[in-house]
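Visitor: Just the structure for this:
(one chain, ligands or ions: 1)
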Amino acid sequence: MPSRWYTEKKQEYYYRISKQKGYRARSAFKLLQIQKKYHVLKKGDTVIDLGAAPGGWSQVTKEIIGDGKVIAVDKEVFDPLPGVLFIEGDITKRTTIDKIQQEIQNGIDVVLSDLSPNISGNYSMDHAKSVWLCLYALEIAQNVLKKNGCFICKIFEGETLQEFVDETTKRFNQTKLFTPKATRKHSSETYVIGKGFKGFLEPLIL
Ligand SMILES: C[S@@+](CC[C@H](N)C(=O)[O-])C[C@H]1O[C@@H](n2cnc3c(N)ncnc32)[C@H](O)[C@@H]1O
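Guide: The predicted model follows:
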């Protein structure tokens with residue numbers, strides 16, 4: 001069990017280097033650590049970033065994909081970097097999904113979701129809300145991804161985590177669970193990584 005001293009030092013470390021590197025959020029390091037291990041993003045990709053505010057993941061994604069395109073979606077408004085297209089909206093609303101569909105010409109290479117519900121502190125309730133958002137993210141992914149595309153999705157651990165992993169596994173050739181080192185020590189969040197999209201299976205939620 002790491003000491004409180006160690007946990008605080010680790011948080012200070014990521015805070016400090018995200019400031020040094022000019023990242024908008026320390027969560028940028030989580031995506032960098034996922035990318036280092038799984039090589040999901042490639043130069044020229046078209047990427048959707050769900051739950052994108054304040055823009056850390058879109059920033060890292062743009063650095064990696066170069067001339068590729070990032071479509072960032074959030075219900076909170078933020079000022080996107082050049083080369084990032086921002087869609088304001090709640091991803092559980094049909095109008096937002098329609099706006100996303102309008103921006104897609106040739107399909108999407110990667111769908112990212114760092115969506116987080118408002119945390120209540122009640123472990124089961126927060127898990128349930130997180131899974132609900134994850135189901136929307138997976139539904140959007142299966143409607144927009146190109147064959148062999150990838151999916152990265154934050155989820156809060158809990159009793160239905162495995163069911164969500166199973167739904168992802170049905171739709172992707174490889175599915176992994178990964179917790180980046182930059183995740184806060186007592187957080188219950190982890191990431192589901194799906195690689196090699198097989199194709200639309202059946203509606204999950206919409
Ligand atoms: C942890 S933050 C994302 C941080 C981001 N990845 C970054 O690096 O800057 C989670 C985001 O999910 C968004 N969110 C939560 N529920 C949403 C919903 N139903 N529709 C759209 N965005 C949502 C929140 O507004 C919040 O900005």
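Visitor: List the buried residues in the lengthiest helix in the chain.
Guide: Ranked by residue count, the top helix of the chain under DSSP state H comes out as helix 123-144. Buried residues in helix 123-144, counted by 16 or more other CB atoms under 10 Å: 126-127, 129-131, 133-144. No exception for glycine: its C-beta is placed from N, CA and C like everyone else's.
Visitor: Over to stretch 11-30?
Guide: By neighbour count on 16+ other CB under 10 Å, the buried set for stretch 11-30 is 14, 18, 23-30.
Visitor: With adjacent residues omitted, what lies nearest to residue 203?
Guide: Closest residue in space to residue 203, ignoring its immediate chain neighbours: residue 139 at 6.9 Å, by CB to CB, 6 or more residues apart in numbering.
Visitor: Surely the one you found is in contact with residue 200?
Guide: No: the pair residue 139 and residue 200 fails to qualify as a contact (CB atoms under 8 Å) at a distance of 9.9 Å.
Visitor: Which residues lie in contact with residue 107 in this structure?
Guide: By CB atoms under 8 Å, 6 or more residues apart in numbering, the contact set of residue 107 is 46, 144-146, 149.
Visitor: For residue 114, see how far away it is.
Guide: From residue 107 across to residue 114, the span is 21 Å (CB to CB, to the nearest Å).
Visitor: do residue 198 as well
Guide: 24 Å.
Visitor: So which of these two has more stuff around it?
Guide: Just comparing residue 198 and residue 114: by other CB atoms under 10 Å the higher neighbour count belongs to residue 114, 22 against 15.
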